[in-house]
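*Asks:* Output the structure for:
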Amino acid sequence: MNVPQLVAVDAARAARVLSEVRDARLAGRPARVAPRPVIEESWERMLRSGVDPERGVRAGLLSEEEVRRRREESPLRDVLPVLREGLLSVADVAHHIMVVADEEGRVLWREGCSPVLRKADGLGFELGADWREDVVGTNGVGTPAVVRRPVQVFAAEHFVRSHATWTCAGAPITDPRNGRLLGVVDISGPLETMHPATLAWVDSVAKLAEARLREAHLGALERLRAVAAPVLARLGGRAAVVDGDGWTAAVTGMPYTSRIALPKSPSAGRRLLPGFGPCVMEPLAGGWLLRSVDRAAEPLPSGATRIVLDLTRARRWSVTVTGAAGSWSHELSPRHAELLYLLAVRRGGRSAAGLAEDMFGDSARTVTVRAEMSRVRRYLGGLLEHRPYRFCDTAEVEVLLPGDPRDLLPHSTAPAVAAARTSDSVR
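*Replies:* Purely as a prediction, here's the structure:
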């Protein structure tokens, strides 16, 4: 049965046929026509996992703060303009909604036709909802995440009966750097509003979003290459500079290879890497320096990594990292200068709530703190640890302060910084 074509010709008849197919399958009876393979396989998973086809389960919604935190940390935030431009203008007119969920199936963004949004509320298709397949049954968010390809689910192809008036078309979005699932973009609405071409439309926009992520990755590699050039010029032997996923920005003394396998949680020190051999890993701005060493002949470079936080020049704050292979610097935004100053003077570390109290006088503002710390870690990498946030124990940290304490981050309104301007105890 060509379900999309049948829906386009006669949506009401399609709904009846699909309902008969679903009822027969759940009752163990032969049906007039077989379910589509992708749907039948999903139903088999639902039966094995014990999802109740007659009573949908609604997992607890994420809190507003948790939704905001996930939005801030999700790479999908960077391609939202692409998704909106490609989908929303048509979706609103066609009585659809656009839904973007993260890799765990949690709904992070939901926009489009207002009446359809209200109908979605009645199904529990809300911000923060858990729309994984093994929670709510076969659907246009959870099923594409499982099979890792675009899927359209019509009417009673949904495993849970209460979703049978709904039709969804979803496509996964993957990270071009490592193939990891980032989430799913979905177009949903009443059955009669769906078109056979909807799935191809959603898939095309998802691929465009992946292309934008790929462009951003290439841009980041170019920036890392600029950092790598002077560092590699000072080195002898085999060395490479790679990003956090092992993609190569530059090499010296060795053939170029597009990617080097890194440990799951990279950290500074001696490592044995497949395809590269024994080496010393050192953090660089946005990546890692890999310097080949002979296990028998060459000792591990001595001396701790030195981090200098320079706050002496207003609006020209910077952090400089010096290691065995040389040094590099990164200019800081006002917010990052505040965060690194607070961590430098509190070497024992601070929780997200503690940093929020230091910066805003409000320990509840952890979403903003976590998002900013995630951005700081993009260039300081393994030199920063978390739980609590702190500089790593092997780093020597020095803070260069202005001559007059009143000139310390003069535009900062952070309570802890304001207190430091009137005290010498943290200098």
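*Asks:* can you pull the buried residues of stretch 213-222?
*Replies:* 213, 217, 220-221 (16 or more other C-beta atoms under 10 Å). C-betas here are computed from N, CA, C, even on glycine.
*Asks:* Which one among those sits at the bottom for pLDDT?
*Replies:* Within the buried residues of stretch 213-222, the minimum per-residue pLDDT falls on A220 (91).
*Asks:* Could you check how far P30 is from V21?
*Replies:* Here the criterion is C-beta to C-beta, to the nearest Å. By it, P30 lies 10 Å from V21.
*Asks:* meant to ask about R335
*Replies:* R335 is 56 Å from V21, by C-beta to C-beta.
*Asks:* More neighbours: the two, which one.
*Replies:* Shown here are R335 and V21; by other C-beta atoms under 10 Å, V21 has more neighbours (22 against 16).
*Asks:* and that one, what is it in contact with?
*Replies:* V21 makes contacts with 31-35, 156, as judged by C-beta atoms under 8 Å, 6 or more residues apart in numbering.
*Asks:* which one of those residues has the most neighbours?
*Replies:* A156 (24 neighbours).
*Asks:* Would you verify that I307 is located in a helix?
*Replies:* No: the assignment for I307, made by DSSP: H, G, I helix; E, B strand; the rest coil, is strand rather than a helix.
*Asks:* who touches it in this structure?
*Replies:* So I307 contacts 319-322, 383, 391, 395-398 (C-beta under 8 Å, 6+ apart).
*Asks:* quick revisit: which single one of the buried residues of stretch 213-222 is nearest to G354?
*Replies:* A220 (30.5 Å; C-beta to C-beta).
*Asks:* which residues touch V67?
*Replies:* So V67 contacts 106, 108, 127-128 (C-beta under 8 Å, 6+ apart).
*Asks:* Please tell me how far it sits from L108.
*Replies:* 6 Å.
*Asks:* again, but for P388
*Replies:* From P388 to L108 the distance is 26 Å (C-beta to C-beta).
*Asks:* Just after whichever strand or helix holds L232, pick out the following helix or strand.
*Replies:* Taking DSSP states H and E as the criterion, L232 maps to helix 198-233. Moving toward the C-terminus from helix 198-233, the next helix or strand (DSSP H and E) is strand 239-243.
*Asks:* which residues of this structure fall in helices?
*Replies:* Remark: helices assigned in the chain by DSSP state H are 3-9, 11-27, 37-49, 64-73, 80-83, 89-93, 114-122, 133-136, 142-147, 198-233, 334-345, 352-360, 366-380, 415-420.
*Asks:* Pick out the shakiest of those helices, pLDDT-wise.
*Replies:* Lowest mean pLDDT within the helices of the chain: helix 3-9, at a mean of 66.
*Asks:* which phi and psi does H158 have?
*Replies:* phi -60, psi 140 (degrees, to the nearest 10).
*Asks:* Run through the residues that contact it.
*Replies:* 137-139, 164, 166 are the contacts of H158 under C-beta under 8 Å, 6+ apart.
*Asks:* go on, P415?
*Replies:* Contacts of P415 by C-beta under 8 Å, 6+ apart are 357-361.
*Asks:* Quick check: L62 touching E126?
*Replies:* No: judged on C-beta atoms under 8 Å, L62 makes no contact with E126 at a distance of 9.8 Å.
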